[in-house]
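Peer 1: here is a sequence with its predicted model. Questions after.
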Amino acid sequence: MVFTLVVVAVFVAYVIYLYNSLVVARQRVKEGWSDIDTQLKRRYDLIPNLVETVKGYAKHESQTLESVVNARSAAMSAAGHGQEKAKAENALTETLKSLFALGESYPDLKASSNFLELQRELTDTEDKIQASRRFYNTTVLDLNTKIETFPSSIVASLFHFKQESFFEMEGAEREQAQKAPGVSF
């Protein structure tokens, strides 16, 4: 009788341990997404200033500026933290690259301290977004692994834990990342 109670108590304690580890993993995923969201908000706030600065120097580049503004709006309105949000953010990243390319075409713009400061701030923000994405993806990997591995998979299914999606690169961004950088002398 005592042995049976001890076995049941150990079993219940182990189930509680597995449940709590799944909850901690889920909370880390939420924290990771919150970090990404914070950096994305910072990027959204910097973009209008950058666009206004470029407008003053490159008035006839309205198509590029308009595509940046549209991509920003689409990224801000993308819901949740799934593939739709990742796709919109990746599109915004691509349009920002075209905006920075304008700096190369306009020497006065490239020399503008305001443009250079905004470009530096945005580059710093992009680096922070990448770090946040890596943290988020690591936490998603941890949660998804716990959900799929035995015996925690049993506890996960009993308490309806769901797998999360990774924040991944899309299309052109993935192709560019896979290309070897060119070197010329």
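Peer 2: Thanks, I have it. Residues are numbered from 1 along each chain as shown.
Peer 1: quick one, helices of the chain?
Peer 2: Using DSSP state H, the helices of the chain run over 2-57, 62-77, 83-105, 107-111, 113-148, 152-158, 171-178.
Peer 1: let's have those in a markdown table, adding mean pLDDT, distance to residue 165 and mean neighbour count.
Peer 2: Placement of C-beta: from N, CA and C, glycine included. Compiled in a markdown table, those are given as follows (pLDDT from 0 to 100; distance: least, C-beta to C-beta, whole Å; neighbours: other C-beta atoms under 10 Å):
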| stretch | mean pLDDT | distance to residue 165 | mean neighbour count |
| --- | --- | --- | --- |
| helix 2-57 | 92 | 10 | 15 |
| helix 62-77 | 86 | 17 | 16 |
| helix 83-105 | 83 | 6 | 18 |
| helix 107-111 | 73 | 38 | 13 |
| helix 113-148 | 92 | 7 | 16 |
| helix 152-158 | 96 | 16 | 16 |
| helix 171-178 | 48 | 16 | 11 |
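Peer 1: nearest residue to residue 153 in space, please, no chain neighbours.
Peer 2: Leaving out its chain neighbours, the residue that sits closest to residue 153 by C-beta to C-beta, 6 or more residues apart in numbering is residue 147, at 6.3 Å.
Peer 1: my guess is the one you found contacts residue 160, does it?
Peer 2: No - applying C-beta atoms under 8 Å, one finds residue 147 not in contact with residue 160, separated by 10.5 Å.
Peer 1: could you measure from residue 125 over to residue 63?
Peer 2: According to C-beta to C-beta, to the nearest Å, residue 125 and residue 63 sit 24 Å apart.
Peer 1: that should have said residue 73, apologies.
Peer 2: 16 Å.
Peer 1: ditto for residue 111
Peer 2: As judged by C-beta to C-beta, residue 111 and residue 63 stand 24 Å apart.
Peer 1: could you do residue 104 as well?
Peer 2: Distance of residue 104 to residue 63, computed by C-beta to C-beta: 17 Å.
Peer 1: ok, now residue 152?
Peer 2: 52 Å.
Peer 1: ok, now residue 82?
Peer 2: Distance, residue 82 to residue 63, by C-beta to C-beta: 30 Å.
Peer 1: now the residue nearest the centre of the chain. Nearest residue, chain neighbours left out?
Peer 2: In the chain, the residue lying closest to the centroid (C-alpha atoms, centre = their mean) is residue 133, at 4.2 Å. What sits nearest to residue 133 in space, not counting adjacent residues and going by C-beta to C-beta, 6+ apart, is residue 167, at 4.9 Å.
Peer 1: how about residue 135, what does it touch?
Peer 2: By C-beta atoms under 8 Å, 6 or more residues apart in numbering, residue 135 lies in contact with 32, 35.
Peer 1: got it, and residue 45?
Peer 2: Residue 45 touches nothing, counting by C-beta under 8 Å, 6+ apart.
Peer 1: ok, 10 Å please
Peer 2: By C-beta atoms under 10 Å, 6 or more residues apart in numbering, the contact set of residue 45 is 121, 125.
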